[in-house]
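Peer 1: 3D model of this:
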Amino acid sequence: MKTVLCHVGLAKCGSTILQNAWARSTNYSLDKCEGLVKGIKEIVISNPNHLNDLKQTLERADLNTDVFENTPGQYGVVSNEAITSHSYPSVFNHDDLSKRSLESFAAVLAPYVDRVLLIIRNPLALLVSSYCQDVKEGASHSFEAFMSTRRPDMLANLDLASMVRTFSKIDAKITVLPVEMLAGTEGIFWAEYERRLRLPKPNVDLLLSNPLAANSTRRETIPLHRQINAILSELERVVALHEWPEGETLREALSCSRVWSVRRALSVVDEDQLTRLASMLGVPERQACTTFEFDRDFIDVLRENFISPLECSELFPYKDVLTSYKTSLAGGVAEII
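Peer 2: Residues are numbered from 1 along each chain as shown. Predicted coordinates:
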């Protein structure tokens with residue numbers, strides 16, 4: 001069986017960049033295993049009160065695991081950040097469901113995977129990036145509202161202790177790398193990738209300058225993006241109030257514009273276009289950054305579940321990066337737009 005590397009996230013930690021590199025290389029074969037991930041999450045959601053029987057349910061389910069065996073490249077890569085990124089309805093216990101989801105993925109992956117790769121970043125910066133992604137996907141709420149509604153999800157998605165503990169149970173080597181290394185010096189990142197995973201790097205350039213390929217966020221566009229999303233959402237509500245024959249088509253068109261078209265356009269606008277758009281909508285062209293202070297309980301949970309596992313030098317031998325994470329949490333403040 002070929003070596004199979006499983007990249008499990010975290011979300012907003014360079015997943016798109018890495019996936020593009022693996023996909024375009026000739027020495028790797030990438031599969032995002034979207035059907036498998038969706039199937040497992042549907043099983044978890046549909047059995048919230050019978051989670052102890054989840055293993056048996058998974059064994060009975062017709063989950064497609066061909067991806068682990070049919071890899072044309074020299075090395076197989078299974079990559080999906082949704083393995084460690086969860087968003088469950090508020091009626092459920094997020095912490096319990098997230099841990100059971102991880103256990104389910106680990107159980108399915110165990111027979112096939114040799115290595116598990118986990119990319120992380122400063123947790124407070126990750127939260128801001130997750131919020132920006134929400135806006136890019138159509139949201140118009142503030143960061144404060146995002147943290148209020150998504151707090152359980154975000155804490156679960158940053159529970160490194162559970163992730164490391166769960167994947168340590170399968171016979172696979174766990175490697176944790178900081179995305180800051182990739183953003184800073186690409187060569188150092190790939191040197192660590194090769195040294196710690198004992199695998200060659202993808203034989204392509206990453207094209208980090210391509211905003212679409214990297215799913216990078218232009219933070220200066222977020223206030224404008226938020227305003228456009230709010231307008232389109234209101235128009236969707238207006239259309240929904242009227243029983244027009246073409247009503248469903250109109251709602252779908254507005255939704256598509258809010259979720260995709262605006263995102264694509266604002267990723268490539270130049271400075272002059274951005275200025276004109278901001279002027280049209282009355283959005284200040286250059287908004288001053290504001291700060292958001294996280295409550296101490298939230299910070300304490302991050303220290304316990306995110307920082308503590310990284311104290312193990314064998315798992316995370318990057319003292320300077322760890323110190324920067326600790327300093328950020330000690331301040332307890334994130335800069336937002």
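
Peer 1: all strands of the chain, in order?
Peer 2: Secondary structure of the chain by DSSP state E: the strands cover 4-7, 28-31, 75-79, 115-120, 173-178, 290-293, 333-336.

Peer 1: Let me have those strands in JSON lines, extended by mean pLDDT, distance to L266 and mean neighbour count.
Peer 2: Where C-beta positions appear, they are placed from N, C-alpha and C, glycine not excepted. Output for these, formatted as JSON lines (pLDDT from 0 to 100; distance: least, Cβ to Cβ, whole Å; neighbours: other Cβ atoms under 10 Å):
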{"stretch": "strand 4-7", "mean pLDDT": "90", "distance to L266": "28", "mean neighbour count": "24"}
{"stretch": "strand 28-31", "mean pLDDT": "88", "distance to L266": "28", "mean neighbour count": "22"}
{"stretch": "strand 75-79", "mean pLDDT": "88", "distance to L266": "26", "mean neighbour count": "24"}
{"stretch": "strand 115-120", "mean pLDDT": "96", "distance to L266": "26", "mean neighbour count": "22"}
{"stretch": "strand 173-178", "mean pLDDT": "96", "distance to L266": "28", "mean neighbour count": "20"}
{"stretch": "strand 290-293", "mean pLDDT": "93", "distance to L266": "20", "mean neighbour count": "12"}
{"stretch": "strand 333-336", "mean pLDDT": "93", "distance to L266": "18", "mean neighbour count": "16"}
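
Peer 1: out of these, which comes closest to D320?
Peer 2: Minimum separation from D320 across those (Cβ to Cβ) falls at strand 173-178, 9.7 Å.

Peer 1: need the strands of the chain in JSON lines with distance to E243, can you?
Peer 2: Converted to JSON lines, these look like this (distance: least, Cβ to Cβ, whole Å):
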{"stretch": "strand 4-7", "distance to E243": "47"}
{"stretch": "strand 28-31", "distance to E243": "44"}
{"stretch": "strand 75-79", "distance to E243": "45"}
{"stretch": "strand 115-120", "distance to E243": "48"}
{"stretch": "strand 173-178", "distance to E243": "54"}
{"stretch": "strand 290-293", "distance to E243": "42"}
{"stretch": "strand 333-336", "distance to E243": "40"}
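
Peer 1: Might you list the low-confidence residue ranges for the protein?
Peer 2: Residues of the chain that meet the criterion pLDDT under 70 lie in 1-2, 47-73, 88-95, 205-215, 285-288.

Peer 1: which parts of the helix ranked longest in it are buried?
Peer 2: As assigned by DSSP state H, the longest helix anywhere in the chain is helix 222-240. Within helix 222-240, the residues that qualify as buried are 222-229, 232-233, 235-236, 239, counting by 16 or more other Cβ atoms under 10 Å.

Peer 1: Tell me which other helices or strands it touches.
Peer 2: With contacts defined as 3 or more Cβ pairs under 8 Å, 6 or more residues apart in numbering; DSSP states H and E, the packing partners of helix 222-240 are helix 123-136, helix 247-256, helix 262-268, helix 271-281.

Peer 1: ok now it, how far from the chain's centre?
Peer 2: 24 Å (Cα atoms, centre = their mean, to the nearest Å).

Peer 1: can you list contacts of that helix?
Peer 2: Contacts of helix 222-240 with the rest of the structure, by Cβ atoms under 8 Å, 6 or more residues apart in numbering, involve 132, 135-136, 138-140, 247, 250-251, 254-255, 257-258, 262-263, 266, 274, 277-278, 281, 283-284, 287, 337.

Peer 1: re the thing from before, format the buried residues of helix 222-240 as a markdown table; extra columns: distance to F316.
Peer 2: As requested, the buried residues of helix 222-240 are arranged in a markdown table below (distance: Cβ to Cβ, whole Å):
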| residue | distance to F316 |
| --- | --- |
| I222 | 31 |
| P223 | 35 |
| L224 | 38 |
| H225 | 34 |
| R226 | 35 |
| Q227 | 40 |
| I228 | 40 |
| N229 | 37 |
| L232 | 42 |
| S233 | 41 |
| L235 | 47 |
| E236 | 45 |
| V239 | 50 |
